[in-house]
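In: Just to be clear, the model below is a prediction. Sequence and coordinates:
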Number of protein chains: 2
Amino acid sequence: MATPSHHLHFISDDHDHQSCIAAAMRNAEQVCQNSGQRFTTLRRRVFELVWQQHRPIGAYEVLEQLQQDGRAAPPTVYRALDFLLELGLVHRIASLNAYVGCIHPHQPHEGQFLICESCKAYAELDAAAITAAINQCAADSGFVVRQHTVEIMGLCPRCKESREKQ
Amino acid sequence: MATPSHHLHFISDDHDHQSCIAAAMRNAEQVCQNSGQRFTTLRRRVFELVWQQHRPIGAYEVLEQLQQDGRAAPPTVYRALDFLLELGLVHRIASLNAYVGCIHPHQPHEGQFLICESCKAYAELDAAAITAAINQCAADSGFVVRQHTVEIMGLCPRCKESREKQ
DNA sequence: TTTGAAATGTTATAATATAACATTTAGAAA
DNA sequence: TTTCTAAATGTTATATTATAACATTTCAAA
C-alpha cells in the first residue's frame, strides 16, 4: 500500500505556497547538482513558473510569463521544459498538453495524476497498487511495461464538497 | 479479475485482419443503429481506415488516405473521429495524438491500452483490477473519478521474443 | 414534395511543438 | 589570466495537431 505524505495531496486552506515553491526549488537545486547538470537562471525561472500555478500549465502560458521579463521564443521554453522533464523535476500531462511540477523529492520516476476538472488542481500519486495492477495485467498479455501514463480526471475533495452543498 | 477474450490481445500470425475489420464494421453498424445515429459513407470510411492499421493512426494520416478518394480537409476527419469517439467506436491515445479502433462490442467505455514501442501494435484492456486500484487510490485522496487515461508503453510478446533471440 | 436538421465542404486560423543554424556563456585547459 | 570548447540560449522558420466560422448538400420526416 502506498503511504501518501501530505505532499501528495491537494492544497488545503493553510497551504503556504511560497514556502512550498522554495522547498521545491531547493530540492531541484540538489537534483541538478547530483546529476552534474546546471540549474541556470532560465531553467530556474521556468521551473518556478510551472510551480507557481500548482495546476497544469501549457508551454505557451509559460512563454507568456517569460516574455514579461523580455523577449522569448517557443524553443526557449520547450528546451527548459525538456531539461526539467529529463530530470523528473516536472511531468507532462499528455491529455492536457500541459506541465506540472513534480512533487517527489527523489529520482526521476513516473507518477499518476489526479486532476480536478473544476479547479484544475492536481495531486501526484506514486501508488504501488496502481503500478502493480498495471504490471500484472500487462504480464497477463505477455507485455513488458517500460513506461505508463495514468491521468485521472474528476473532482478534488474541496470541489466535490462545494458541489454537494448546493 | 478480468477474463480477457482473444479480442483484447495482440494480433497473432493466424489473424485474419479482413474479417476482423468486417466484424468491427458490423458491430459499429449495430451501435449506430441502437443509438439512432447515422453511419454515413464518410464515417464508415474513416472507421475502416482507423481499423485497417491495427495500430494508433494520426488524424492527418487518416486524412491522407481519405484524399486518395478525392478532396478532403482536416475538419472532415476530425468530425468523423469525434463522432466515432462519442459512440466509443474508436479511442484517442493522448500520449500519441492518435486514434485506435475500439475492440469492445459494447457500450461507450474507457479502456486501458498496451502499446508496443517497437511494432506499434496495441491491445485494449478493460481490466477491473486497474480500474479498482485507481478508484481506491483516488478515494484515499478524497477524489471522485470521472474518467481515466491509462496508456502503457513497452514491448508486445512478439517483439519481446524477437529481441531475446538476438 | 417540401423542408429543416444533420452532415459535409471550404477557408482560414489557432494551438502545440520542433528543425536548423547563429550567438553567447560558463567553466575547463593551457 | 587568457583561450578554447561544449553547453546553453537566441532567432527564424516551419511542422504538426486541432478548431472556428460559415456555405452547401443531403436525407428522412412531415
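Out: Cool, got the structure. Residues are numbered from 1 along each chain as shown, chains lettered A, B, ... in the order given.
In: Now do the strands in chain A.
Out: A:90-93, A:98-101, A:112-116, A:122-125, A:144-155 (DSSP state E).
In: Using TSV, please lay out the ones you listed together with mean neighbour count, distance to residue B:121 and mean pLDDT.
Out: C-beta coordinates here come from the backbone N, C-alpha and C atoms, glycine included. Shown next, in TSV, are those (neighbours: other C-beta atoms under 10 Å in any protein chain shown; distance: least, C-beta to C-beta, whole Å; pLDDT from 0 to 100):
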stretch	mean neighbour count	distance to residue B:121	mean pLDDT
strand A:90-93	21	24	97
strand A:98-101	24	29	97
strand A:112-116	24	25	97
strand A:122-125	24	29	94
strand A:144-155	19	13	97
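In: now the ones you listed as a markdown table including distance to residue A:12?
Out: Output for the strands of chain A, formatted as a markdown table (distance: least, C-beta to C-beta, whole Å):
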| stretch | distance to residue A:12 |
| --- | --- |
| strand A:90-93 | 22 |
| strand A:98-101 | 17 |
| strand A:112-116 | 14 |
| strand A:122-125 | 11 |
| strand A:144-155 | 16 |
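In: Please identify which of these is closest to residue A:76.
Out: strand A:98-101 (14.4 Å; C-beta to C-beta).
In: neighbouring contacts of that closest one?
Out: A:24, A:47, A:50-51, A:54-59, A:62, A:81, A:85, A:89-93, A:113, A:122, A:124 (C-beta atoms under 8 Å, 6 or more residues apart in numbering or on different chains).
In: One more pass at 6 Å, please.
Out: A:24, A:50, A:51, A:56, A:57, A:58, A:81, A:90, A:91, A:92, A:122 (C-beta atoms under 6 Å, 6 or more residues apart in numbering or on different chains).
In: Over to stretch A:142-154?
Out: Counting by C-beta under 6 Å, 6+ apart, A:93-95, A:112-115, A:117, A:134-135, A:138, B:95, B:114, B:138, B:143-157, B:160 sit against stretch A:142-154.
In: and the gap between residue A:53 and DNA strand D?
Out: Distance of residue A:53 to DNA strand D, computed by C-beta to the nearest atom of the strand, to the nearest Å: 21 Å.
In: Out of the contacts of strand A:98-101, which comes closest to DNA strand D?
Out: DNA strand D has its nearest neighbour among the contacts of strand A:98-101 in residue A:81, at 10.6 Å by C-beta to the nearest atom of the strand.
In: check contacts around the closest one.
Out: residue A:99.
In: On the pLDDT front, check it for me.
Out: Reported pLDDT at residue A:81 in the predicted model: 98.
In: residues from chain A in reach of DNA strand C?
Out: A:38, A:58, A:59, A:60, A:73, A:74, A:75, A:78, A:82, A:92, A:97 (C-beta under 7 Å from any atom of the strand).
In: okay, now the third one: neighbour count?
Out: Here the neighbour count serves as a burial measure; for residue A:59 (other C-beta atoms under 10 Å in any protein chain shown) it reads 17.
In: count of residues packed around the closest residue to it other than its chain neighbours?
Out: Spatially, and ignoring its direct neighbours in sequence, residue A:59 is nearest to residue A:77 (5.2 Å; C-beta to C-beta, 6 or more residues apart in numbering or on different chains). For residue A:77, the count of nearby residues is 24 (other C-beta under 10 Å).
In: what does residue A:21 give?
Out: 17.
In: for residue A:133, same thing?
Out: Neighbours around residue A:133, by other C-beta under 10 Å: 23.
In: Let me see the contact set for it.
Out: Counting by C-beta under 6 Å, 6+ apart, residue A:133 has contacts B:129, B:130, B:133.
In: Need those in CSV (columns: pLDDT).
Out: Conversion of the contacts of residue A:133 to CSV gives the following (pLDDT from 0 to 100):
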residue, pLDDT
B:129, 96
B:130, 97
B:133, 97
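In: how many neighbours does residue A:25 have?
Out: The burial count for residue A:25: 16, using other C-beta under 10 Å.
In: sorry, that was for residue A:42
Out: So residue A:42, with other C-beta under 10 Å, has 16 neighbours.
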